[in-house]
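Chemist: sequence plus predicted model, see below.
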Amino acid sequence: MRELVEEALLTMDCMPIEQTNFPPDYRSVREMIEEKVAGCEAVIHVVGIRYGAEPDPSTLSEGAARRSYTQMEADIARKLEKKLYLFVCPEDFPYDQATAESEELQALQRAYRAEIAKGEILRTEVKDREELGRKVRELQFELEKLKSEIGRNQRRVVVSLVVLLLLLGGIGAGIWRLPDVVKKEVGYDRGRAREQLVADIKAEAQKKIVEAGDDWRKTIEIEEWRDQQLSDLDRFLDRIQQTFDAGEATESYRKATDLLAAKGADEALAYLQARGNQRKSQIEMQANRRDQEEAGLRNLLQEELLAASLLETKFRFDDAEAKYRQVLEKSGSWPKARNDFTWFLITRGEVIDPAAGNAKLQEALELCRGTLSFASRQTAPQDWAATQNNLGWVLRDLGERRSGEQCAQYLQQSVVAYRAALEVRTREQLPRDWAATQNNLGIVLTVLGERASGEQSAECIQQSLAAYRAALEVRTREQLPQRWAAMQSNLGMVLRDLGERASGEQGAHYLEQSLAAYRAALEVRTREQLPQQWATTENNLGMVLAVLGERGSGEQGAHYLEQSLAAYRAALEVRTREQLPQGWAATQGNLGNLFSVLGRRVTGEQGAQYLEQSVAAYRAALEVYTREQSPQDWAAMQGNLGSVLSVLGERTSGEQGVQYLQRSVDSLENALSIFTPEAAPYQNSLARANLEKAKAALHKISSH
C-alpha cells in the first residue's frame with residue numbers, strides 16, 4: 001500500500017517521506033518523530049487491521065496508553081496541528097501479505113479503530129486499493145490550497161509539498177527518510193507517439209479546413225502548417241528524448257508522454273492542463289526562492305514547453321504562443337526555452353500573412369541574438385550551436401523575403417551561422433544534428449546561387465550540392481524516411497540548377513541525376529500520405545523533364561515533354577485554384593513554359609495552338625500573382641508572357657500580329673518595372689533583349 005500512496009503523491013509533485021526501520025530506543029524515536037512531523041506540511045494516515053511495532057511497554061510511564069509508533073505519529077501530527085488526512089480500510093481490504101499478529105496486538109488495533117470510528121475526526125473509508133489511490137489523488141485541490149497558504153505565510157517556501165505517510169495496513173513502523181532521487185530508465189515509445197501525432201495533426205487540420213469554408217487563404221495557412229508540423233515531427237520528438245536523456249523529465253512529464261504514445265495529443269494535453277494550476281504555483285514558488293534551484297524550476301518548465309508544443313499540434317497557436325512567453329518570463333536566460341520559442345516564431349512566421357509573419361521572424365532574429373549574448377560556445381556548446389542553427393534559418397527566411405543588397409547580406413549571414421553551428425555539431429559527436437545543419441546550409445547556398453550571378457553563383461550551387469550529399473550519409477531512408485525524401489527533393493532541385501547551367505553530356509548527366517532524386521522522393525511522398533508534398537515533387541519532376549525534353553531531339557525529346565505534361569497535370573489534381581492558389585499558379589507558369597517550348601518547336605496551326613495554350617497558362621498564373629502581393633513572380637510571368645506573345649506576333653500577319661506584339665511590349669515593360677539592373681541583373685538583361693526584339697518586330701510589321 002505504501003507504494004500505491006507514494007505513486008499517487010508523486011504524480012501531484014508532492015514529496016513523500018516514508019518508513020524503513022525504527023531503532024529500539026523510545027525517547028530518541030519520539031524526538032525523531034516530532035522532528036519529522038514538524039517538517040511536513042501534511043500527514044496522510046492510512047488505518048488498516050495491523051497494529052505494527054511499538055515501544056517496549058515496560059518503558060512506558062504508569063497509566064500511559066499503549067501506542068504503536070504509527071499511532072504515535074498521528075497523535076503528534078494532531079498535537080502540532082498539522083493537516084491530517086485519515087483513510088480507514090475495512091477488514092476485507094486486499095492487504096499486503098504479512099505474518100499474523102498476536103491476539104493482544106490485534107485487540108489493541110481493534111480498539112484504536114473503534115476509537116476513530118466514534119470520534120469526531122474527519123475520515124474517509126476506502127474499500128480497495130484502486131479507491132485508495134483515487135482518493136489520495138483527489139486531495140490535489142486540498143494540497144494546492146495548502147501550498148498556497150504556505151507560500152503566503154512563509155518568506156522561504158519549499159519546492160514541493162512534503163507529505164508524511166503513516167500506514168497501518170501490514171507495514172511495520174520505521175525511521176523516517178527522504179527518498180533518494182533515483183534516475184529511472186523511462187521507456188519512451190517514440191514510434192507510437194509519432195503515429196498518434198500524425199493522426200492527430202491530420203484530423204485537426206481537416207476539421208479546421210472544413211471550418212474555414214471558402215476562405216482559401218486560411219485553408220492555405222492550415223495546409224502549410226499541417227505539412228510543416230508533419231515534416232517537423234522528428235524535431236519535436238527529439239526534444240522530448242533530449243529531456244529524458246538530460247534527466248529533466250518529471251513524473252508528470254513522463255506520464256504525459258506515455259499518454260501521448262497511448263492515446264494521442266488530446267489526452268496528453270488534457271493531463272498537463274489538469275495540473276496546470278498546481279504547476280504554475282510550484283513555478284512561482286521556485287522562481288521566487290532566494291536560493292532558487294535552477295534544475296528544479298527547469299524540470300517544471302519542461303512540462304510547460306511540452307504543453308506548448310502539443311497546443312501547436314491542435315492548431316491553438318495563440319494559446320501556444322502565450323505559454324511559450326510565460327515560460328520565457330520565468331526561465332531567465334535558459335537557452336532551451338528561448339530556442340524552442342524561437343523555432344515556434346520561425347515556423348509561424350513562414351506560413352501566416354506576410355506582414356505578420358515578418359514581425360514574428362524579426363522577433364525570432366532578436367531572440368537568437370539575445371541568446372548568443374549569454375550562451376557561449378565555451379560554457380554551453382550545444383545550446384550555442386542550436387541557437388546558431390535557428391539564427392541561420394531565420395536569416396534565410398528574411399533574406400528570401402528581401403531583394404538587392406539586404407537580401408544578399410541576410411543570406412550570407414545565414415551561411416556564417418550554419419557553419420558556426422557545424423563547429424559543434426560534428427558528424428562524430430552529433431550525427432543527426434550535423435545532417436540537419438548540412439541540409440539547412442545546402443538550402444541557403446541554393447538560394448544564394450539562384451540570386452547571384454557568374455562564378456559566385458556556380459560556386460554556391462556546387463557547395464550546396466556537397467552539403468546535401470553529406471547530409472544524406474546520415475539521413476537514410478530506413479532511419480528517417482520523410483527527412484530522406486525532403487533531402488532527395490532538395491538534391492533534385494540543385495542538380496536541376498546545375499543541369500540547366502551546364503551543356504552537353506555534363507548537363508544531361510546532372511538532369512538525369514535530378515530526375516532520379518525526385519523519383520526517389522516520390523517513393524515516400526505519396527499522394528495518399530503527403531498530398532501537397534507529392535504535388536510539389538510532381539511539379540518539380542515536370543520541370544526537369546521539360547528541360548530534358550527541350551534539349552533532346554526526335555522521339556526521346558518528345559517523350560520527355562509528354563512526361564513533363566503528365567507530371568504537371570498530376571500536380572494540378574492537388575494544386576487546385578480553390579485549395580492551393582499559389583501552388584496552382586506556379587504549376588500554371590510551368591505549363592506555360594512547356595507549351596512555349598512545344599510551340600517554338602512546331603510551326604503551323606499546331607505550333608500556334610501550343611503558343612496560345614502557353615499564353616493562357618501565363619495569364620491564369622497572373623490571376624494569383626499580382627504586382628501588389630507577389631511582385632517577383634508577377635514580373636517573371638509578365639516576362640514569359642511577353643516572350644511568347646512576341647513569337648506569336650512574328651508568326652502572325654496583319655492586325656492580329658500587331659496586337660500580339662503590342663501586348664508583348666506591354667508585358668515586357670511590366671517585367672522591367674520590377675527587374676531593375678540593380679535588383680535582378682540577369683532577369684533585366686533577358687527582358688530587355690526580348691523587349692528590343694519585340695519592338696523591332698513591331699516596327700517591321702507596322703511599316704508594311
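Modeler: Okay, I see it. Numbering: from 1, shown residues only.
Chemist: which residues touch the residue nearest in space to the middle of the chain?
Modeler: Centroid-nearest residue in the chain: Phe236, 4.3 Å away (criterion: CA atoms, centre = their mean). Shown in contact with Phe236 (CB atoms under 8 Å, 6 or more residues apart in numbering): 197, 309. To be clear about C-beta, it is placed using only N, CA and C from the backbone, and glycine gets the same treatment.
Chemist: please identify the helix or strand for it.
Modeler: Counting by DSSP states H and E, the element that carries Phe236 is helix 233-245.
Chemist: by mean pLDDT, which helix or strand of the protein comes out lowest?
Modeler: With mean pLDDT, DSSP states H and E as the measure, the helix or strand of the chain carrying the lowest mean pLDDT is strand 176-177 (a mean of 32).
Chemist: in the following helix or strand past that strand, which residues are buried?
Modeler: Using DSSP H and E, the helix or strand that follows strand 176-177 towards the C-terminus is helix 190-212. Neighbour counts over helix 190-212 (16 or more other CB atoms under 10 Å) mark 193-194, 196-198, 200-201, 204-205, 208-209, 212 as buried.
Chemist: now for the helix or strand harbouring Gly449, which elements pack on it?
Modeler: If you go by DSSP H and E, Gly449 is part of helix 431-451. Helices and strands touching helix 431-451, by 3 or more CB pairs under 8 Å, 6 or more residues apart in numbering; DSSP states H and E, are helix 381-400, helix 404-424, helix 454-471, helix 481-501.
Chemist: who touches the shortest one?
Modeler: The reference is to helix 454-471. The contact list for helix 454-471 (CB under 8 Å, 6+ apart) reads 435-436, 438-439, 441-443, 445-446, 448-452, 487, 490-491, 494-495, 497-498, 501.
Chemist: now those: which count as buried?
Modeler: Buried residues within these, defined by neighbour count using 16+ other CB under 10 Å: 435-436, 438-439, 441-443, 445-446, 448-452, 487, 490-491, 494-495, 497-498.
Chemist: ok, Ala199 - contacts?
Modeler: Neighbouring residues of Ala199 by CB under 8 Å, 6+ apart: Gly264.
Chemist: gap between stretch 512-525 and the chain center?
Modeler: 26 Å (CA atoms, centre = their mean, to the nearest Å).
Chemist: how about it as CSV, C-alpha atoms only?
Modeler: The C-alpha trace of stretch 512-525 is given here as CSV (Å, rounded to 0.1, in the frame of the first residue of the first chain):
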residue,chain,number,x,y,z
GLU,A,512,19.2,12.6,-65.1
GLN,A,513,20.5,12.6,-61.5
SER,A,514,17.9,15.2,-60.6
LEU,A,515,15.2,13.1,-62.2
ALA,A,516,16.4,10.1,-60.1
ALA,A,517,16.3,12.2,-56.9
TYR,A,518,12.8,13.4,-57.4
ARG,A,519,11.5,9.9,-58.3
ALA,A,520,13.2,8.6,-55.1
ALA,A,521,11.4,11.3,-53.1
LEU,A,522,8.1,10.2,-54.6
GLU,A,523,8.6,6.7,-53.2
VAL,A,524,7.9,8.2,-49.7
ARG,A,525,5.9,11.3,-50.7
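Chemist: picking that back up, tell me the mean pLDDT over the helix holding Gly449?
Modeler: The average pLDDT for helix 431-451 rounds to 91.
Chemist: how far off helix 404-424 does that helix point, in degrees?
Modeler: Interaxial angle of helix 431-451 relative to helix 404-424 (axes from the mean of the first three to the mean of the last three CA atoms, to 10 degrees): 160 degrees.
Chemist: for Leu86, give me phi and psi.
Modeler: Here is the backbone geometry of Leu86 (degrees, to the nearest 10): phi -110, psi 120.
Chemist: wait, it sits on Val43?
Modeler: No: counting by CB atoms under 8 Å, Leu86 does not reach Val43; the two are 9.0 Å apart.
Chemist: neighbour-wise, which of these two wins?
Modeler: Higher neighbour count among Leu86 and Val43: Val43, with 23 against 19, using other CB atoms under 10 Å.
Chemist: and that one, what element?
Modeler: Here Val43 is covered by strand 42-47, with elements defined by DSSP H and E.
Chemist: got the angle between the next helix or strand along the chain from that strand and strand 42-47?
Modeler: Using DSSP H and E, the helix or strand that directly follows strand 42-47 along the chain is helix 69-79. Helix 69-79 runs at 140 degrees relative to strand 42-47, counting by the same axes, to 10 degrees.
Chemist: now do the shared contacts for Leu86 and Val43.
Modeler: With contacts taken as CB under 8 Å, 6+ apart, the residues that reach both Leu86 and Val43 are Ala74.
Chemist: just the strands in the chain please.
Modeler: Per DSSP state E, the chain carries strands over the ranges 15-19, 42-47, 83-88, 124-125, 162-167, 176-177.
Chemist: I'd like to know how many residues surround the residue nearest to Thr347 when sequence neighbours are not counted.
Modeler: Leaving aside its chain neighbours, Thr347 sits nearest to Gln228 (5.7 Å; criterion: CB to CB, 6 or more residues apart in numbering). For Gln228, the neighbour count with other CB under 10 Å is 15.
Chemist: returning to that earlier point: how about the buried residues of helix 190-212 in JSON lines, adding pLDDT and distance to Glu459?
Modeler: What follows is the buried residues of helix 190-212, written out as JSON lines (pLDDT from 0 to 100; distance: CB to CB, whole Å):
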{"residue": "Ala193", "pLDDT": "85", "distance to Glu459": "42"}
{"residue": "Arg194", "pLDDT": "85", "distance to Glu459": "39"}
{"residue": "Gln196", "pLDDT": "87", "distance to Glu459": "45"}
{"residue": "Leu197", "pLDDT": "88", "distance to Glu459": "40"}
{"residue": "Val198", "pLDDT": "86", "distance to Glu459": "40"}
{"residue": "Asp200", "pLDDT": "87", "distance to Glu459": "44"}
{"residue": "Ile201", "pLDDT": "88", "distance to Glu459": "39"}
{"residue": "Glu204", "pLDDT": "87", "distance to Glu459": "44"}
{"residue": "Ala205", "pLDDT": "85", "distance to Glu459": "41"}
{"residue": "Lys208", "pLDDT": "86", "distance to Glu459": "44"}
{"residue": "Ile209", "pLDDT": "85", "distance to Glu459": "43"}
{"residue": "Ala212", "pLDDT": "81", "distance to Glu459": "44"}
